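I'll drop the sequence and a predicted model, then ask my questions.
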Amino acid sequence: MFKRMILIFLIILLSACSSRYDRGYLGGTNQDQIETLTVFRDAARSAERGKYPGNCYYDSDIAADGSRCGARSAKSRPGGYD
């Protein structure tokens, strides 16, 4: 009976730890890390973009009509924007 209780306790403990890991509490990527990486990416992109006059410098940018730029972006065209 004692061994069965220990086994049940260990199963519950391990399942709780695995669910905490999935949510980023035990070394996974958490929301603060994602936000920090986003800030650094945005800063690097704006420095590279410089004084580009349009909306579509990167493929992931949003065009004036609300769609994604994709192949219309300056970075995806040969020569791009210099």
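Right, received. Where do you want to start? Fair warning: this is a prediction, and the values are worked out from it, not measured in the lab.

make it CA atoms for all contacts and neighbour counts henceforth
Fine.

For the residue nearest to Arg77 when sequence neighbours are not counted, grab the count of nearby residues.
Nearest residue to Arg77, sequence neighbours excluded (C-alpha to C-alpha, 6 or more residues apart in numbering): Ala71, at 7.1 Å. By other C-alpha atoms under 10 Å, the residues close to Ala71 number 13.

I'd assumed Ala71 was in a helix, is it?
Yes: assessed by DSSP: H, G, I helix; E, B strand; the rest coil, Ala71 belongs to a helix.

what's the distance between it and Glu48?
Noted for Ala71: a distance of 19 Å to Glu48, by C-alpha to C-alpha, to the nearest Å.

What helix or strand is the residue nearest in space to the middle of the chain located in?
Closest to where the C-alpha atoms of the chain average out (C-alpha atoms, centre = their mean) is Ile34, at 5.6 Å. Assessed by DSSP states H and E, Ile34 sits inside helix 31-49.

from the middle of its chain, how far away would that helix be?
10 Å (C-alpha atoms, centre = their mean, to the nearest Å).

Let me see the mean pLDDT of it.
Helix 31-49 shows a mean pLDDT of 80.

Quickly note the distance from Ala63 to Ile11.
51 Å.

neighbour count winner among the two?
Ala63 (17 against 12).

Correct me if wrong: that one contacts Asn55.
Yes: Ala63 lies in contact with Asn55 (C-alpha atoms under 8 Å); the separation is 5.6 Å.

low-confidence ranges in this protein?
7, 9-10, 13-29, 82 (pLDDT under 70).
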